[in-house]
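Chemist: the following block contains a protein sequence and its predicted model.
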Amino acid sequence: MDIYDYADTIFSKEDFEKFTKLLLIDFTDNKQEWENQNLEEYLSGIWGFVMGLEGYLNVKEGQDIKPTWKLFADILLAAIVYE
């Protein structure tokens, strides 16, 4: 199962733990497909995506966002390519 498909199945801490392991494996096996290939770029991608999170979640700016394990996974996935 690829990491994007698995991310849709995350509902618990245990699911997220498995996801982070799969994310590491994907980086090792498919690094050439990752836009952000070092920690600085990856963290910048996380920051950029989180700055626009309201648009991704289709909520009004300033509206309270309830974090979930799936949302954490979505943020980490987005940082693969988000600039």
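Modeler: Nice, thanks for sending it over. Numbering: from 1, shown residues only.

Chemist: now do the contacts for Lys13.
Modeler: By Cβ atoms under 8 Å, 6 or more residues apart in numbering, Lys13 lies in contact with Trp69. For every residue, glycine as well, the C-beta is placed using N, CA and C.

Chemist: and for Ile75?
Modeler: 46, 49-50, 53.

Chemist: where along the chain do the strands fall?
Modeler: Using DSSP state E, the chain contains no strands.

Chemist: returning to that earlier point: most neighbours out of the contacts of Ile75, which is it?
Modeler: Within the contacts of Ile75, most neighbours by other Cβ atoms under 10 Å means Phe49, with 20 neighbours.

Chemist: so for that one, what's the pLDDT?
Modeler: pLDDT for Phe49: 95.

Chemist: so that it lines up with my notes, have the first residue be 574 from now on.
Modeler: All right, first residue 574 from here; so that's Phe622.
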